[in-house]
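# Need coordinates for the following:
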Amino acid sequence: MKIGIFGGSFDPPHVGHEAIVNEALKKLDIDKLIIVPTFLSPFKHEFFLPPATRLELLTKLFSKDAKIEVSDYEVKQNRSVYTIETVKHFKKHYSCEKIYLIIGEDNLEKLHLWSEFERLNQMVEFVVATRETQNNHPLLYANFKRLPIDVDVSSTSIKQDLDLNAIPNVIQNDLKTIIQKV
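A predicted model of the protein is given here:
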């Protein structure tokens, strides 16, 4: 089985994440795409939305596609989980012949700091979602695939404007309702 793993904070999930998922399904030869929200990123100290809420939002957003699985693996750990742990978990669970690890271009700068990066690099093929409007610095690792995304939105920019209604079309309306209840 060939799988794609798309992990992240998804804090909150937005149209950029949807675009990455849609492009990955179109461009990668995969049987399943697993979306894995973190409990808390090892590089962050807090979250905007609780992990259970982010899991609920992602499930609502992606539950209609049989090729997509939204996993609660990291959220259930109730701690920061290193990507290498998650990859090992799914490699064992699915007996994978190939794993694509989908990351945002913003992760490239600190990728060398990831736990067991060299080993991880041998276990997966990295796929970097690049924003058309970003500076598109040269990929630090030449063997990585690119997944160009034509959406310029980030969770950080959304969190800076706490009035979700002021951000048109970057978060689906049914997700906004859930977020506003938190």
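# what's the burial count for Asp65?
When neighbours are defined as other Cβ atoms under 10 Å, Asp65 has 12 of them. Using the backbone N, CA and C atoms, a C-beta is placed for each residue, glycine as well.
# Excluding covalently adjacent residues, which one is nearest to it?
Closest residue to Asp65 apart from its sequence neighbours, by Cβ to Cβ, 6 or more residues apart in numbering: Leu25 at 7.5 Å.
# Distance of the residue nearest to Lys145 when sequence neighbours are not counted relative to Asp29?
Nearest non-adjacent residue to Lys145, counting by Cβ to Cβ, 6+ apart: Val127, 4.6 Å away. Taking Cβ to Cβ, to the nearest Å as the measure, Val127 falls 12 Å from Asp29.
# of those two, who's got more company?
Val127 (21 against 8).
# in the sheet, who's paired with the more buried one?
According to DSSP bridges, the residues that bridge with Val127 are Ile102, Lys145.
# Now the terminal residues of stretch 7-20, how far apart.
Using Cα to Cα, to the nearest Å, one end of stretch 7-20 lies 11 Å from the other.
# Can you list the buried residues in that stretch?
For stretch 7-20, a neighbour-count test (16 or more other Cβ atoms under 10 Å) marks 7-20 as buried.
# all helices of this structure, in order?
15-27, 51-62, 73-77, 83-94, 117-123, 155-160, 173-181 (DSSP state H).
# between the ones you listed, which gets nearest to Ile35?
helix 51-62 (5.6 Å; Cβ to Cβ).
# just to revisit the earlier point, name the nearest of the buried residues of stretch 7-20 relative to Phe47.
Of the buried residues of stretch 7-20, the one sitting nearest to Phe47 (Cβ to Cβ) turns out to be Asp11, at 5.4 Å.
# was I right about the closest one contacting Pro51?
No: Asp11 sits out of contact with Pro51 when judged by Cβ atoms under 8 Å, with a separation of 9.2 Å.
# mean pLDDT for the helices of the chain: which is lowest?
For the helices of the chain, mean pLDDT drops lowest on helix 155-160, to a mean of 49.
# ok, back up a step: what's the most buried one of the helices of the chain?
Across the helices of the chain, averaging neighbours per residue (mean count of other Cβ atoms under 10 Å) puts helix 51-62 on top, at a mean of 20.
# helices and strands around that one, which ones?
helix 15-27, strand 32-37, strand 68-70, helix 73-77, helix 173-181 (3 or more Cβ pairs under 8 Å, 6 or more residues apart in numbering; DSSP states H and E).
# Can you check which of the ones you listed gets nearest to Ile102?
Nearest to Ile102, of those and by Cβ to Cβ, is helix 15-27 at 5.7 Å.
# orientation of that closest one relative to strand 32-37 in degrees?
Helix 15-27 runs at 160 degrees relative to strand 32-37, counting by axes from the mean of the first three to the mean of the last three Cα atoms, to 10 degrees.
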